[in-house]
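1. Sequence and predicted model, in that order:
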Amino acid sequence: MAQPTEPSPMSPEPFEPSGSDHPALHPSITNVPVTPGVHLTGKSAYIEPSDTKSNSQLPFNPDTASPGPSWSANSYFADRQTTDKGGNPTQAAAGEQSKQEVAQKLSTTPDAAMKHDLADTDPRAAHPGLNLSGRIITATFAVPYNIGYSKGNDWELEPRRGTSALFDSFSYLASSSSPWNHTLVGWTGEISASESAATLATQPPMNKAAAPIPVDSKNPMPVPQPPLGLHIGRNDREQLEKQLERDHGGKIVPVWLVDEVDEGKDEYIVKDQSRWRTFAEHELYTLFHYKQNEPEDGRAARKSWADYYRMNKLFADKILDIYKPGDIIMVHDFYLLLLPSLLRQRLPNIYIGFFLHVPFPSSEFYRCLSRRKEILEGVLGANMIGFQSYSYSRHFSSCCTRILGFDSSAAGVDAYGAHVAVDVFPIGINAASTHRQAFDDPEIDERINGIREMYAGKKIIVGRDRLDAVRGVVQKLQAFEIFLERYPQWQGKVVLIQVTSPSSLHTDRGENAREKFVNNISDLAAKINGTYGSLDFTPVRHFPQYLSREEYFALLRLADIGLITSVRDGMNTTSMEYVICQKDNHGPLILSEFSGTAGSLTSALHINPWDMGGVADAINTALELSDSEREKQHTQLYNHVVSNNVQSWTNNYLKKLMINLSAFDQSFATPALDRAKLLSQYRQAKKRLFMFDYDGTLTPIVKDPSAAIPSDRVIRTLKTLAADPNNSVWIISGRDQAFLDFYMGHIPELGLSAEHGSFMRHPRSQDWKNLTEKTDMSWQKDVVRVFQAYTDKTQGSFIEHKKIALTWHYRRADPEFGVHQARECQSVLEKTVAKKYDVEVMTGKANLEVRPRFVNKGEIAKRLVLDYGDQPGDAPEFVLCLGDDFTDEDMFRSLRQSKLPADHVFSVTVGASSKQTLASWHLVEPADVISCISLLNGSADAGNAGAVAVVEGFIPESRI
Ligand SMILES: O=P(O)(O)OC[C@H]1O[C@@H](O)[C@H](O)[C@@H](O)[C@@H]1O
C-alpha cells in the first residue's frame with residue numbers, strides 16, 4: 001500500500017502586515033495587568049525536542065513499561081519546519097532524518113489520491129477584497145507545553161499530551177508549507193514548581209487495585225503547589241515569553257491567568273490553577289457529551305462562570321495586543337466560546353473563525369445549561385462556526401432559533417444584523433507524520449515481535465481510550481463478556497488489550513468519582529478474567545496508564561481488530577491512526593456510531609455501544625471477515641484518512657472562511673441605515689411621508705400577538721412626529737381596525753390602514769373606508785377549514801379571524817415543527833383555495849395569512865404617494881417606509897416603481913443585513929426604529945443615534 005504524502009512546500013508570497021491600529025482596550029473586569037504584547041517578526045525555527053525515545057524494556061511488558069516520552073503529546077514538533085521563510089535550514093533541519101527527506105520520499109509516491117495540491121489551497125489570492133494581512137492568530141486553551149517554573153532559571157518546557165490533531169494543524173500553519181504567518185495564543189497551562197518535581201514520585205495511583213501507575217516525569221500529574229502559591233516576577237515572565245517565542249517556533253504568546261497580583265513586587269501569584277478549567281470542563285464538556293451534573297451550590301457555579309468569563313476576556317486582551325488589521329483570528333473549542341463576541345465588541349470588522357472540537361448537543365439537552373444564552377451569544381460573534389459533524393451543526397442552529405429566536409438555516413444563523421455561517425469540517429490527522437512515526441522506527445518492530453510472541457496464536461483486539469465515562473470502556477468490557485459467552489469457539493483465542501490513559505479534564509469534582517470509575521473497569525475485567533481465563537491465559541488485559549509512542553504504535557499495528565465504543569465523542573483520532581497503522585494488516589475497525597468519526601469512516605463496522613449484543617456480534621463478524629473483505633474495507637478507510645488529513649482540513653476551513661467573509665461582505669448585504677443622510681434629507685424636506693408597519697417594526701414580535709402593544713415611548717414618538725404639520729404619518733399593518741383604533745386611534749394626525757390594505761382611516765377622520773366591499777368572501781370558509789386542520793395537528797397554533805384577512809399563528813408551537821407545518825399548509829392552500837379564488841397566501845413572522853390579492857400594503861403605499869402627487873413640485877420630498885416581513889416588501893416595491901427621486905426615499909427593512917429584501921437599508925430591531933424617529937424629532941432620547949445628531953450639528957452636545 002502506498003504511503004501518505006506530505007504537502008509539498010511552496011514559496012509563499014511575502015506578506016508585510018500593515019500597522020496596528022486597534023483601539024484603546026476596554027477596562028478589564030479584573031485587576032490582572034496584561035503582559036505587554038510580544039512583537040513578532042517572521043517565522044522562527046522549531047527546536048528538536050529533547051530525546052523522545054522511551055527507555056521501556058523490550059519486548060513490551062505493560063506491567064513494567066515505563067510511560068516514556070510524550071509521543072501522544074502531539075506532533076507539534078514532529079512536523080516542525082526545517083527551513084525558514086527564506087528557505088534557510090533551521091536547527092530542526094539538523095535532525096537525523098530531515099523532514100524534507102521524508103517529505104520528498106513520500107511525495108514521490110505515485111498515488112493520485114494522496115497528492116496535496118497546495119496551489120489550490122491558498123485561498124487568499126481569490127479574495128483580494130478582504131485585504132488580508134497574511135497572519136493567522138490562533139486562540140487555543142493552552143500552549144502545547146507543560147511548563148515548569150524555577151525562579152531565576154530557564155523555564156522547563158515539555159510537550160503536552162492530547163489534542164494531537166489540533167496541534168498538528170498549528171504545526172502545519174507555522175510551517176513553511178503553509179502560506180500563512182502563524183501565531184498561537186494560549187494559556188500557560190498549570191505551571192508546576194520545578195522544586196516539587198520530587199513529590200511526583202509519591203503521587204498515589206489512580207486505581208489502588210491495579211498495577212502500579214508508572215510515573216511520567218515528562219507529563220506530570222497535577223502537583224501540589226507551594227501553600228502561598230507561585231510568585232512569578234516580571235523577569236521570569238519575560239523569560240518564558242522569550243523562550244516560547246524564540247526557541248519553539250510557530251510564535252507562541254502565553255496568556256497569564258493568575259489569582260493575585262503583587263503590584264509592589266510586580267509579581268503574579270498563581271494558586272488555584274484548576275479554576276480556569278472548571279466551567280468549561282465541569283459544565284460545558286459534561287453537558288455537550290449528554291451528561292448532567294448533580295445540582296450543586298449556586299455560589300460555586302457563579303464563581304466558575306466568572307472565572308470562565310474572565311479567562312475569555314484575558315484572551316481577548318492578549319489577542320488585541322498583537323492584532324493587526326487583516327489578521328484572521330481562529331478560535332478553538334469549548335474553553336473559548338465567549339471570545340468571538342468579546343473580540344467583535346471591540347473590533348466590529350475583525351475576521352473570526354470558530355471551531356468546536358467536541359459534540360454539540362440537541363436543544364433539548366443544551367437548554368438545561370444555566371448560561372445557555374450567554375454561550376450562544378458569545379460564539380455568534382464569529383463569522384463562521386465549524387463543527388465536526390452535520391448533526392452538531394444542526395443542533396447548534398436549532399438552539400439559536402429556539403433559545404435566541406434567531407432565524408437559522410442549514411447555511412447559518414442571522415444574528416444581530418449579520419449572517420454567521422455554520423458549516424461542517426470533520427478534522428483529520430497528519431497521516432504522513434503518523435505513518436512515519438509508526439513505521440520508521442525499528443524499535444516498534446521489535447516491540448511488535450515481542451508482544452506477538454506473548455500472545456502467539458491469539459487474535460488481539462485493541463482499545464485505547466482516555467479515562468472518561470463518555471469513552472464507553474465499561475460498555476466495551478460488557479460487550480466483550482457477551483461475545484465470549486455467545487461465541488464460545490473464540491474462548492481462549494481472543495485477547496482484549498485495553499489501555500485507559502489518565503485524562504486531565506476536570507469533569508468530576510473530586511477524585512472519588514474517577515477512582516470509582518477506574519475500579520469499576522478493573523472489577524469488570526477481573527470478573528471476565530475469572531470466568532473465561534485460566535492460569536496461563538487472561539482474556540482482558542487492562543492498563544490504566546499512559547503509553548509511550550512506541551508502545552502505542554506497536555499496539556495499533558499489531559492489532560487484529562480496533563474497538564471503539566465511545567458513547568459520545570466529537571472526533572476519534574485513535575481510530576484514524578489505527579487505520580494508518582493497519583496499512584499492511586488490514587485489521588477491521590469497529591466504531592461507535594456516537595463518535596463524530598463514524599460519519600467520515602463509513603466503511604468501518606458501525607455499532608451502537610449501548611447494544612452490547614450488537615457489539616459482540618460485530619466482534620465476531622470482524623474476526624470472520626475474509627482477507628479480501630478486510631482489504632476492501634481497509635482500502636476505503638485508508639484512502640479517506642490519507643486524503644482528509646489535518647492539512648487539508650486546515651486549508652478547507654480557511655478557504656470556506658474566506659468565501660463566507662467575501663459573500664457576507666457589507667457590499668453585498670443591505671447596508672445599515674445611514675442616519676446622518678436620513679437626518680440631513682429630513683431637515684431639507686418640507687413635505688414628508690412616513691409609512692410604518694406595526695408588528696416587528698414598531699414593536700418586537702412576542703409569543704402572544706395580543707400582548708404586542710405599543711409602549712409609551714412608541715406612542716410619544718409617533719405623536720411628536722405626526723404633530724409636525726410637514727409630516728404625514730401612516731401605520732400600514734395587517735392588524736385589524738379594532739386593534740389599531742384601540743392603541744393608536746387617539747392620535748388624530750395618524751393615518752391607519754388595517755388588514756394589509758383592506759381598510760383605510762385618513763388622518764383627522766374617525767371613519768374607516770373598506771376597499772374590499774364588493775369582493776366575494778366565500779374563500780374564507782375554505783381557508784378556515786384548512787387552517788383548522790393544521791391547528792388540530794399543531795400543538796400551540798391558533799387562528800386569528802379578522803374581517804377580511806385570516807391568520808394562522810404558530811409562534812407558540814415548537815418552532816421547527818411550526819415552520820414545517822406552515823410550509824405544508826401553505827402548499828395545500830396554494831394548490832386549492834388560491835387556485836379557485838383570487839387570494840394570496842403570505843408568510844409572516846411565525847404565521848400564514850390569506851387576503852384578497854388586489855389589496856396589499858403596496859397598493860396603499862402607491863395610493864399615498866399619488867395622493868401627494870408624484871410629479872415634480874407636488875411629490876413628497878422625503879419618504880421613510882419601514883417594515884420587517886414579506887408583506888412589507890410590497891411597499892418597498894411600490895416605492896421603487898414610483899417616480900420619486902431615489903435619494904429622497906428611504907425604504908428600510910428591520911432585521912438582518914443578509915435578509916433578501918427590496919429595501920435599500922436595514923435596521924436591526926424595533927428599538928432602532930424608535931431611536932431613529934426620535935433622532936428626526938430632535939429628541940434627546942435618541943440613544944446611540946443621538947451621536948449622529950451631534951456630529952451633524954443638529955443637536956447640542958449637552959442634550960445627549
Ligand atoms: O403587518 P403587521 O403589522 O406586521 O402585522 C402582521 C400580523 O401580525 C400579527 O401579530 C397579527 O396577529 C396579525 O393580525 C397581523 O396581520
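-> That came through, no problem.

2. Contacts for stretch 552-559, please.
-> Among residues not part of stretch 552-559, those counted as contacts by C-beta atoms under 8 Å, 6 or more residues apart in numbering are 60, 71-72, 437-439, 441, 444, 447-448, 451-452, 460-462, 464, 497, 499, 547, 562, 574, 577-578, 581-582, 585, 587. The C-beta positions use only the backbone N, C-alpha and C, and glycine is treated the same way.

3. can you tell me which of those residues are in strands?
-> When the contacts of stretch 552-559 are checked against strands (DSSP state E), the matches are Ile460, Ile461, Val462, Arg464, Ile497, Val499, Gly562.

4. The fourth one and Ala300, how far apart?
-> Right, the one you point to is Arg464. Applying C-beta to C-beta, to the nearest Å, the value for Arg464 to Ala300 is 34 Å.

5. Can you pull out the residues in contact with the helix or strand containing Val879?
-> The secondary structure element spanning Val879 is strand 878-883 (assigned by DSSP states H and E). Outside strand 878-883, the residues within contact range by C-beta under 8 Å, 6+ apart are 678, 681-682, 684-685, 687-693, 696-697, 732, 857, 861, 865, 888-889, 891-892, 895, 900, 904-910, 919, 923, 929.

6. any idea how far stretch 855-868 is from the chain center?
-> Averaging C-alpha positions (C-alpha atoms, centre = their mean, to the nearest Å) puts stretch 855-868 46 Å from its chain's average.

7. rewinding a little: buried residues in the helix or strand that the strand holding Val879 is followed by?
-> Under the assignment DSSP H and E, the closest C-terminal helix or strand after strand 878-883 is helix 889-897. Neighbour-count burial for helix 889-897 flags Glu889, Asp890, Met891, Phe892, Arg893, Ser894, Leu895 (criterion: 16 or more other C-beta atoms under 10 Å).

8. I figured the last one hits Ser907, correct?
-> Yes - taking contact to mean C-beta atoms under 8 Å, the distance of 5.3 Å between Leu895 and Ser907 places them in contact.

9. tell me the average confidence for the strand holding Val879?
-> When pLDDT is averaged over strand 878-883, the result is 97.

10. swap in stretch 183-191?
-> According to the model, stretch 183-191 has a mean pLDDT of 94.

11. what does the domain assignment say about this structure?
-> Residue ranges of the domains in the chain are recorded as 136-192+227-424, 432-638, 675-771+857-959, 778-851, according to the TED database.

12. sorry, back to before: who has more neighbours, Arg464 and Ala300?
-> Summary of the neighbour comparison: Arg464 and Ala300, criterion other C-beta atoms under 10 Å, with Arg464 having more neighbours (25 against 12).

13. How far away from the center of its chain is stretch 603-617?
-> Taking C-alpha atoms, centre = their mean, one finds stretch 603-617 lying 30 Å from the centre of the chain it belongs to.

14. Dump stretch 812-825 to CSV, restricted to CA.
-> These are the backbone C-alpha positions of stretch 812-825, laid out as CSV (Å, rounded to 0.1, in the frame of the first residue of the first chain):
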residue,chain,number,x,y,z
ARG,A,812,-46.5,29.2,20.4
ALA,A,813,-45.8,25.9,18.7
ASP,A,814,-42.5,24.1,18.5
PRO,A,815,-40.5,26.5,16.3
GLU,A,816,-39.1,23.9,13.9
PHE,A,817,-42.3,21.8,13.7
GLY,A,818,-44.3,25.0,13.3
VAL,A,819,-42.2,26.0,10.2
HIS,A,820,-42.6,22.6,8.8
GLN,A,821,-46.4,22.6,9.2
ALA,A,822,-46.7,26.1,7.8
ARG,A,823,-44.9,25.1,4.7
GLU,A,824,-47.2,22.2,4.2
CYS,A,825,-50.3,24.3,5.0
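
15. contacts for that stretch?
-> 398, 401-402, 703-704, 786-787, 790, 793-798, 808, 810-811, 843, 846-848.
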